[in-house]
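Asker: Give the three-dimensional model of this entry:
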Amino acid sequence: MSFEDVITRGEDFLNEYPRQYTLWNVASHMACLGMIAGSKFFLNLLYKPEVHNIENLDNALARARKENRGLLTVMNHMSVVDDPTFYAALPWRFHWDIDTIRWGFGADNICFSNKFNSYFFNLGKILGCKRFGVGPFQPSVDAAIRILSPDDTLDLELLPIPRNTKTKSNYNSVILQELNTKPIIDIVKPSTPELMRKSPFIRTKTSWFHVFPEGFVLQLEEPHSNSMRYFKWGVARLILEPTRAPVVLPIFSYGFEKIAPEDTADEGIYRYLPNNMGSEVHIVIGKEVDDSKLEGYRSQWRKLCDKYIDPKKPNDLSEELKSGKKAQKLRGEVAATLRQSILDIRNTLNFKPEDPRFKDPAFWKEYTLTEGKSDPSVKFIGKNWAIRRFQKHLPEYNEED
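Answerer: Below you'll find the predicted structure:
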């Protein structure tokens, strides 16, 4: 269920750059193609990349476009070169159309540290996401929700009007009466163009958004190699809050950690030189997450919205919908389902079973706060970047924290 103020904040964030101009679109496509071409050259020259089940991505993208829905891909985060190297490993047919080039998140303190970097990564369709206490309710996440919302559904403003509120009859009343019997994609119909607001970016097709829900790179020593952290709950917003549910596709990768091992992070120039040349890199694309699961979660979200809407600010998320126990529990369940869909792919491969504690946010919170002392058997390759004192390059870093 979408809120107009969330969509508006997302549009304001996107409007910080002139994405609605043709020249920006051309420059963006050129920047993306340049990075993809360079990454393809080095990836294929120095390593052995292999993409498995590419037809799953073809089918998911085609289905998303046919049903006027966004595409959301979720992947484990093995190295600092996961993007754009993952994307560069895909066939050229995914790169010729600017609307098919993925959107994504990048660490605000790294990718957007100066004006040049900010323009470069924005041209590359990357949005700055802040870490360390900012949480999932930040403008870049609102922008991702806007990107995943088809343009011709925006004027419907699918905010939950309480049933006992005396308000002017609108399309929401129809939606609310049918929510329990029909999936949203069958209810919402394209609206008339004259009612549509101006888009903050140019596109002719629905968009693809790619995320690494762990938020940080994770490289662990044996026997825990190729494991995952818990998934941050912000990814749940990208399923619950767009005007239509996106098509969701899980992806598991391994081998990128050989290209950029984390134990080279403090070795100066060696951090940026190729490592383990000749290594295999694998990208395994899973099957779409079942729509019935997504609609089940979105139905629960609608009920929460209907119950906890703030009458004083009916166009925005209430505090209960942000931080209430029921809303947090729902986001946690959605994130856990996405993580499990990727773990299911990992379980089909020749890896040792993942430690079941790794799916638990409480385990990682304690592990990070104690800097690994809570479980010395879990050892990082390089640093655990979730530890705040390792992030001295953060603008808000304070020695006394």
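
Asker: What segments of this structure are strands?
Answerer: Ranges of strands in the chain, per DSSP state E, are 48-52, 71-75, 103-107, 126-129, 208-211, 247-254, 280-285.

Asker: what's the offset of stretch 106-118 from the middle of its chain?
Answerer: Distance of stretch 106-118 from the chain centroid (C-alpha atoms, centre = their mean, to the nearest Å) equals 18 Å.

Asker: Val289 versus Arg63, what's the distance?
Answerer: For Arg63, the distance to Val289 equals 12 Å [C-beta to C-beta, to the nearest Å]. In short, each C-beta sits where N, CA and C put it, glycine included.

Asker: quick one: which of those two has more around it?
Answerer: Val289 (23 against 15; other C-beta atoms under 10 Å).

Asker: Now that one: closest residue in space that isn't a chain neighbour?
Answerer: Val248 (4.1 Å; C-beta to C-beta, 6 or more residues apart in numbering).

Asker: Would you confirm that the one you found contacts Gly70?
Answerer: No. With contact defined as C-beta atoms under 8 Å, Val248 does not reach Gly70; the gap is 9.5 Å.

Asker: residue ranges with poor pLDDT in this structure?
Answerer: 155-197, 392-401 (pLDDT under 70).

Asker: what are the bridge partners for the residue nearest to the spatial centre of it, then?
Answerer: Of all residues in the chain, the one closest to the mean position by C-alpha atoms, centre = their mean is Val211, 2.9 Å from it. On the basis of DSSP bridges, Val211 is bridged to Val74.

Asker: Quick check: it touching Val235?
Answerer: Yes. Between Val211 and Val235 there is a contact at 5.8 Å, judged by C-beta under 8 Å.

Asker: just so I have it, where are all the helices in the stretch 151-300 of the chain?
Answerer: 171-178, 184-187, 234-240, 256-259, 291-308 (DSSP state H, counting those that start in this stretch).

Asker: Nearest to Ala88, out of those?
Answerer: Closest to Ala88 of the helices of the stretch 151-300 of the chain is helix 256-259 (C-beta to C-beta; 11.4 Å).

Asker: quick revisit: kindly reformat the strands of the chain as TSV and extend each row with distance to Pro139.
Answerer: Formatted as TSV, these follow (distance: least, C-beta to C-beta, whole Å):
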stretch	distance to Pro139
strand 48-52	33
strand 71-75	19
strand 103-107	12
strand 126-129	9
strand 208-211	15
strand 247-254	23
strand 280-285	30
